[in-house]
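Novice: sequence below, structure please.
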Amino acid sequence: MSTNAQNKAIFLDRDGTINEGPPYINRIDQLDILPESFKGLQLLGSLGFKLIIITNQSGIARQYLSEKDLKTIHKHLLAEFKKRKIKIHDIFFCPHHPEMHEDVPEHAKKYRISCNCRKPGTELLEKAKKDFKIDLENSFFVGDSTVDIQTAKNIGCTSLLVRTGHGGEDKKFPAEPDYTCDNILEAAKLIDQINDLSAVILVGGRGERMRPLTDNLPKPMLPIRGKPILEHQINLLRKYGISNIALCGHYLFQKIIDYFGDGGGFGVKIIYLDEPEPLGTGGALKNAEHAIKSKNFILMNGDIATNVRLSKVIQFHIEKHALATLVLRVSDHPRDSDVIEIDENCMVSNFVGKGQEETRTANTGIFVINKDFLGFIPKGVSNLEKDVISKMIGQPIFGFISDDYFKDIGTIERFNKAQEESPL
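Specialist: As a prediction, this is how the structure comes out:
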């Protein structure tokens, strides 16, 4: 799958997202373009995305305006954008409404149909995909309603809800957005950062406590529901639009390389960083420093079974301007977990470490990290939590408590439990 930005799109709802106005705009003077729209679309265009408007216009079926009226309004809209050097690649609209009544005039009956071009149907997006050869998995849908969010989920795009317009209060679908922003400009800024994300997965551990399962197989390759743990992780990253992945390994590394290759068969691009000797989690990350090009990146231990909603963590990290964000959970085995304490602002206030008796918030082995953090890691062997983060109390290191599913496969008992209960 291509990850070229030229094949990515930003699908945009119109009313409530780009412009305000009455429920059924039928004249140019009713088209009130939101002030943030111009700067937001300029930014998105500069990132190389194709900008495509997808809009339901049931006012045509309801006889508030004609298709000719709509085309006049869209011509004006495109002209306003062109003045500001914003290129909208196309506008796709659905004129239909599924309700039919006895008093509907004959000439309007053709619009009173159930169709798949009316959002949350996907026909218009499928047409855009075909016309522009869009990579849907690496595209975004920005809208103000749950209808838009459901459309994004139906087609497989990352969704962003803006608080303008309906602001999600239409409540037509239970769809939850991947990200939420105040307006289209803030959405564009967030997309800019999301688009740059990469990932590092640490897969070098020997898995001594997992023997004999790991005598001939690296721990991240142990299967859950018929797929290696590592494949589940890669699929999770791809789900959130992260396609550039570095794997840091040592023990039986060639078996991982042979299975995943360059990542093309899994919809991602993978590079491999071999450690000449085990460096620990901190040392392995420092060893990967030269290969990390993005401003922010996801870091994961390769032995975690999880369905964590990465979008929530990413947005938290960006809004906090964090050097690092640790994903935390309430641990059911604190004696074997790195217990972390955070203050009322979610900043890490204490590294407690392992050996606790009572249930505590503990690190999951998943992080979002700003590249500047790498400067705090010494060269050589080190443990990321114990040797680095514990000495950075007071720095902008934050904890994000998640109630999503996590199971670190550190023992055969936990591996067997993951086999039974994993939602993957």
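
Novice: hey, let's count contacts and neighbours off CA atoms from now on
Specialist: Fine.

Novice: so which bits of stretch 69-85 are buried?
Specialist: For stretch 69-85, burial by neighbour count (16 or more other C-alpha atoms under 10 Å) applies to 69-70, 73, 77-78, 81.

Novice: now stretch 223-234 - C-alpha only, CSV.
Specialist: Written as CSV, here are the backbone C-alpha positions of stretch 223-234 (Å, rounded to 0.1, in the frame of the first residue of the first chain):
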residue,chain,number,x,y,z
PRO,A,223,0.6,-16.2,18.8
ILE,A,224,-2.6,-14.9,20.2
ARG,A,225,-5.8,-15.7,18.2
GLY,A,226,-3.7,-17.1,15.4
LYS,A,227,-1.4,-14.1,14.9
PRO,A,228,1.9,-13.1,16.5
ILE,A,229,1.6,-10.5,19.3
LEU,A,230,3.7,-8.2,17.2
GLU,A,231,1.4,-8.5,14.2
HIS,A,232,-1.5,-7.3,16.4
GLN,A,233,0.6,-4.3,17.5
ILE,A,234,1.4,-3.4,13.9
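
Novice: list the buried ones in that stretch?
Specialist: Buried residues in stretch 223-234, defined by neighbour count with 16+ other C-alpha under 10 Å: 224, 228-234.

Novice: dump these to a markdown table, plus secondary structure, distance to residue 111 and pLDDT.
Specialist: Formatted as a markdown table, the buried residues of stretch 223-234 follow (DSSP: H, G, I helix; E, B strand; the rest coil; distance: C-alpha to C-alpha, whole Å; pLDDT from 0 to 100):
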| residue | secondary structure | distance to residue 111 | pLDDT |
| --- | --- | --- | --- |
| 224 | strand | 49 | 89 |
| 228 | strand | 50 | 93 |
| 229 | helix | 49 | 93 |
| 230 | helix | 49 | 96 |
| 231 | helix | 46 | 96 |
| 232 | helix | 44 | 95 |
| 233 | helix | 45 | 96 |
| 234 | helix | 44 | 96 |
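
Novice: okay, now residue 182: neighbour count?
Specialist: Neighbour count of residue 182, defined by other C-alpha atoms under 10 Å: 12.

Novice: was I right to think it contacts residue 160?
Specialist: No - using C-alpha atoms under 8 Å, residue 182 makes no contact with residue 160, being 10.2 Å away.

Novice: so what does the worst-scoring helix or strand of the chain on mean pLDDT touch, helix or strand wise?
Specialist: Least confident element among the helices and strands of the chain, by mean pLDDT, DSSP states H and E: helix 412-421 (a mean of 79). Here helix 412-421 touches strand 406-408, going by 3 or more C-alpha pairs under 8 Å, 6 or more residues apart in numbering; DSSP states H and E.

Novice: now the strand it packs on, how far from the centre of its chain.
Specialist: What separates the centre of strand 406-408 from the centre of its chain is 20 Å, taken as C-alpha atoms, centre = their mean, to the nearest Å.

Novice: one more: stretch 214-225?
Specialist: Worked out by C-alpha atoms, centre = their mean, stretch 214-225 lies 27 Å from the chain centre.

Novice: how about stretch 111-131?
Specialist: On the basis of C-alpha atoms, centre = their mean, stretch 111-131 sits 24 Å off its chain's mean C-alpha point.

Novice: could you do stretch 62-70 as well?
Specialist: Relative to the chain's own centre, stretch 62-70 is displaced by 37 Å; criterion: C-alpha atoms, centre = their mean.

Novice: show me the contact partners of that stretch.
Specialist: Residues from elsewhere that reach stretch 62-70 (C-alpha atoms under 8 Å, 6 or more residues apart in numbering): 24-27, 59-60, 95, 97, 108.

Novice: mind giving me the domain ranges of this protein?
Specialist: Domain ranges of the chain: 5-194, 198-421, per automatic domain parsing.

Novice: mean pLDDT lowest for which of those?
Specialist: Among the domains of the chain, domain 198-421 carries the lowest mean pLDDT, a mean of 89.

Novice: coming back round to it: out of the contacts of stretch 62-70, which end up buried?
Specialist: Listed as buried from these are 24-26, 59-60, 95, 97; burial here means 16+ other C-alpha under 10 Å.

Novice: so residue 13 touches residue 147, yeah?
Specialist: No - between residue 13 and residue 147 there is no contact, the gap being 9.9 Å when judged by C-alpha under 8 Å.

Novice: residue 149 contacts residue 157, doesn't it?
Specialist: No - the pair residue 149 and residue 157 fails to qualify as a contact (C-alpha under 8 Å) at a distance of 9.3 Å.

Novice: please identify every residue contacting each of these two.
Specialist: With C-alpha under 8 Å, 6+ apart, residue 149 and residue 157 have common neighbours residue 141.

Novice: show me what contacts the nearest residue to residue 402 once chain neighbours are set aside?
Specialist: Excluding its sequence neighbours, the residue lying closest to residue 402 (C-alpha to C-alpha, 6 or more residues apart in numbering) is residue 329, at 5.5 Å. With contacts defined as C-alpha under 8 Å, 6+ apart, residue 329 is in contact with 361-364, 401-403.

Novice: so which of the residues you listed belong to strands?
Specialist: Of the positions in these, 361-364, 401 sit in strands, assigned by DSSP state E.

Novice: most neighbours among these, which one is it?
Specialist: For the ones in strands among the contacts of residue 329, neighbours tallied by other C-alpha under 10 Å; top is residue 362, 27 neighbours.
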